[in-house]
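> Using only what follows, build the 3D model:
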Amino acid sequence: MNRLLTCVFLLIASSSIAQVLPSFGNSRTGTAGMQFLKIYPDARGNALAGSYIAQADDAMAMFWNPAGITQVGKERMHVQFDQTRYFAGFNLSSIGAIYRPGQTSYWGVYSYVLTSPEMDETTEFQPEGTGRTFRSQSTLTGFTYARILTNSFSFGVNAKFGREAYSDVSVNNVMFDLGIRYNVGVKNARFAVTLSNFGINVEPNGEVTRLRHTGDEVVSGFERISVPAIFRIGAAFDPISKENHVLTISTQLNHPTDNNETFAFGAEYVLRKVLVLRTGYEFGADVGGFPPLGMGVKLRRKFGELRIDYGFSHKQRLGQIHRVGIQFSML
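Numbers count the residues shown, from 1 in each chain. I've put the predicted structure just below:
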């Protein structure tokens, strides 16, 4: 275990130093495709400003940190639904399910779909529209396996398939995620490391008709694009942990391959194990806005636990995002 932890810390050092220091303008914005993989699918993670990999303990942990599904609880089955009303009429729907066959192993499956409203096709020669319309749809389906190795250490892996389609052009890719979670043991402190969206460069499929001075031109060859891999380091602890009052503080460093680093923190307060209040802030984001806010309700039932969450955020020049989630656990 000591050797494993040493390797993890060496990986953190080698992956983070390059941008923990100033990048001197070496921005990588716009160098990867499949940007929908960055959108938070759940209300809880959004309300904490994405500072969630060390705290994730529900079905949507498969998106944040696959090792987090080992913390879902004693119930054998967990199912979660989330719905996001995104910018410009886009909608994101997600579903995840976790099954615990034994005491230390966990299996999960999740999927989400981002759909656009119908949009007018425009070109440089017809900026008012060509008379044609199109839609975009992005989907992701993943399978997760996680295991508790010791009382303090757990790991998880995802294998997932993503598809991004615009009109008659689509991109398909297979990716992998890796996550670990370590319980420090003081103030319920936990530490997490994840590598998300690890995949190869792929070439889009399909054809595009482009209007030129000499007439229509059909384009079928495209440059290969990469996926937005993200390396994250996070920690969380409970400065207040009493019977009816629990306060959790989390911090997280995000190191994407196609943008500059961001740093986020979140705070979650649980009152009487029923009412939950959340907020957070992300430093270094491309688009600023108000700190996200969220709340949730936990209800114990005969079949297990029912949880309802809501998350709200507002971005300058873009508008508001509303997220609603529901999760239930079955004994």
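> In this structure Gly266 contacts Ile53, no?
No - between Gly266 and Ile53 there is no contact, the gap being 10.8 Å when judged by Cβ atoms under 8 Å. Heads up, the C-betas are built off the backbone N, CA and C, glycines and all.
> Overlap of the contact sets of those two?
Both Gly266 and Ile53 are in contact with Gln252, where contact means Cβ atoms under 8 Å, 6 or more residues apart in numbering.
> Please enumerate the strands of the stretch 101-250 of the chain.
105-115, 119-120, 133-134, 136-148, 153-166, 169-183, 190-199, 205-206, 208-212, 215-219, 230-241, 245-256 (DSSP state E, counting those that start in this stretch).
> now those strands as CSV including mean pLDDT and distance to Ala59?
Shown next, in CSV, are these (pLDDT from 0 to 100; distance: least, Cβ to Cβ, whole Å):
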stretch, mean pLDDT, distance to Ala59
strand 105-115, 96, 7
strand 119-120, 88, 32
strand 133-134, 86, 33
strand 136-148, 96, 10
strand 153-166, 95, 13
strand 169-183, 95, 15
strand 190-199, 95, 16
strand 205-206, 88, 32
strand 208-212, 72, 38
strand 215-219, 76, 41
strand 230-241, 96, 19
strand 245-256, 96, 19
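> The ones you listed: which one's closest to Leu271?
Each of the strands of the stretch 101-250 of the chain was checked against Leu271 via Cβ to Cβ, and the shortest separation belongs to strand 245-256, namely 6.6 Å.
> nearest to Thr84, of the strands of the stretch 101-250 of the chain?
Taking Cβ to Cβ as the measure, those were each checked against Thr84, and strand 105-115 came out nearest at 8.5 Å.
> Tell me the buried residues in the closest one?
Taking 16 or more other Cβ atoms under 10 Å as the basis for neighbour counts, the residues of strand 105-115 that come out buried are 106, 108-114.
> what's the closest of the residues you listed to Leu140?
The shortest distance between Leu140 and any of the buried residues of strand 105-115, using Cβ to Cβ, involves Tyr112 and amounts to 5.6 Å.
> Okay, buried residues for stretch 151-171 please.
By neighbour count with 16+ other Cβ under 10 Å, stretch 151-171 contains the buried residues 153-156, 158, 160, 162-167, 169, 171.
> Please apply the same query to stretch 303-315.
Within stretch 303-315, the residues that qualify as buried are 304-305, 307-313, 315, counting by 16+ other Cβ under 10 Å.
> Tabulate those (a markdown table), appending pLDDT, secondary structure and distance to Phe191.
Formatted as a markdown table, the entries for the buried residues of stretch 303-315 read as follows, by pLDDT from 0 to 100; DSSP: H, G, I helix; E, B strand; the rest coil; distance: Cβ to Cβ, whole Å:
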| residue | pLDDT | secondary structure | distance to Phe191 |
| --- | --- | --- | --- |
| Gly304 | 80 | strand | 28 |
| Glu305 | 87 | strand | 26 |
| Arg307 | 94 | strand | 25 |
| Ile308 | 96 | strand | 29 |
| Asp309 | 97 | strand | 24 |
| Tyr310 | 97 | strand | 29 |
| Gly311 | 96 | strand | 25 |
| Phe312 | 96 | strand | 29 |
| Ser313 | 94 | strand | 26 |
| Lys315 | 88 | strand | 30 |
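> what about the residue lying closest to Val169 once chain neighbours are set aside, distance to Ile200?
By the measure of Cβ to Cβ, 6 or more residues apart in numbering, the closest residue to Val169 outside its immediate chain neighbours is Gly206, 3.8 Å from it. Taken as Cβ to Cβ, to the nearest Å, the spacing of Gly206 relative to Ile200 amounts to 19 Å.
> The two: who's more crowded?
Gly206 (14 against 10; other Cβ atoms under 10 Å).
> list the contacts for the more buried one?
Under the criterion of Cβ under 8 Å, 6+ apart, the neighbours of Gly206 are 167-170, 220.
> ok, now Met34?
Contacts of Met34 (Cβ under 8 Å, 6+ apart): 138, 162, 164, 171, 173, 197, 225, 227-228.
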